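K.L.:
Dropping a prediction and its sequence here:
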Amino acid sequence: MPFSLLNRVALVTGSSRGLGRGIALALGKAGAKVCLNYLNNSEVAEGTLSKLREEGIHATMFRADASDKEQVESMIEAIEEKFGSLDILVPNATPDQPQKPIEGYDADFYRQMYDFFVVSPFHLAKAVLPGMKKRKSGRIINITSEVFHSSVSEFSAYVAAKGGQIGWSRSMASELAPFGITVNTVAPGWIPTERHENDSEEAKNEYLKTIPLGRWGTPEDVGNAVVYYSSDEASFVTGQTLCVNGGRTPW
């Protein structure tokens with residue numbers, strides 16, 4: 001079966017809802033054993049776990065702060081002890097992303113963005129790499145954003161952190177290629193999820209007009225891109241960014 005992930009073990013951080021949930025669902029439908037991750041809302045997390053299991057997916061839940069080095073190391077250790085390996089890593093956890101003029105931010109918020117989108121994936125990668133290098137195989141897929149390519153205004157902290165994440169991913173791709181490990185990024189556009197439930201209809205309608213394909217993207221669209229990068233069919237693809245935004249960034 002094309003794009004089969006049968007017997008692969010995947011971890012998606014921040015996967016109790018939103019894009020992470022869609023990514024986890026797509027990986028599971030492709031045959032992967034899915035390790036879900038959440039931090040705060042256990043009720044929502046349990047609902048996602050039940051949903052995946054109802055779909056016949058082998059799913060397990062791990063509670064950990066994906067930005068905390070010790071908790072990340074403990075989670076990866078528990079996953080590898082349970083399954084024997086971790087083949088696919090998808091750093092997806094994210095904090096709130098308020099849009100402000102540059103004068104409205106402070107240095108602590110910039111550091112928070114950098115910690116979530118560069119330091120957190122670094123801790124995750126560092127924890128999984130010994131096993132991946134030993135097996136001479138692995139997939140790391142960072143979830144970035146179209147904002148780096150489209151230069152969204154009054155979003156400088158988030159855009160800068162996403163730019164750093166993309167640069168880090170490209171460097172990692174070159175470094176890890178000799179070990180059979182690929183590192184790629186998926187850059188979604190604005191895809192309405194629970195995070196956007198308070199966004200104005202006016203803003204949504206204006207954005208929708210800019211999507212050449214004429215429809216909203218879904219978490220499953222992002223998940224399908226992650227499945228591709230995770231598959232054997234993408235074994236010769238590394239250091240790349242796939243924009244999942246209906247053609248808003250045609251390059």
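P.N.:
The structure has been received and is ready for your questions.

K.L.:
mind listing the strands in the stretch 151-251 of the chain by residue range?
P.N.:
Read by DSSP state E, counting those that start in this stretch, the stretch 151-251 of the chain holds these strands, from start to end of the chain: 181-188, 241-244.

K.L.:
Can you say which of those is packed in most?
P.N.:
Each of those was given a mean neighbour count from mean count of other CB atoms under 10 Å, and the largest, a mean of 24, is that of strand 181-188. Heads up, the C-betas are built off the backbone N, CA and C, glycines and all.

K.L.:
Phe236 - how many residues pack around it?
P.N.:
Neighbouring residues of Phe236 were enumerated by other CB atoms under 10 Å; the total is 7.

K.L.:
sorry, back to before: same list (the strands of the stretch 151-251 of the chain) but as TSV, adding distance to Asp65 and mean pLDDT.
P.N.:
TSV is the format used below for those (distance: least, CB to CB, whole Å; pLDDT from 0 to 100):
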stretch	distance to Asp65	mean pLDDT
strand 181-188	22	97
strand 241-244	27	95
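
K.L.:
Just put those in a markdown table and tack on distance to Thr48.
P.N.:
Shown next, in a markdown table, are these (distance: least, CB to CB, whole Å):
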| stretch | distance to Thr48 |
| --- | --- |
| strand 181-188 | 19 |
| strand 241-244 | 21 |
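
K.L.:
For Ile88, which of those strands is the nearest?
P.N.:
Ranking the strands of the stretch 151-251 of the chain by distance to Ile88, with CB to CB as the measure, places strand 181-188 first at 10.3 Å.

K.L.:
other SSEs contacting that closest one?
P.N.:
The contact analysis (3 or more CB pairs under 8 Å, 6 or more residues apart in numbering; DSSP states H and E) places strand 181-188 against helix 120-135, strand 138-143, helix 156-176, helix 219-230, strand 241-244.

K.L.:
now the second one: mean pLDDT?
P.N.:
Strand 138-143 shows a mean pLDDT of 98 in the predicted model.

K.L.:
Show me what the helix or strand just after that strand is packed up against.
P.N.:
Scanning forward in sequence from strand 138-143 by DSSP states H and E, the next helix or strand is helix 147-150. Secondary structure elements in contact with helix 147-150, counted by 3+ CB pairs under 8 Å, 6+ apart, are helix 156-176.
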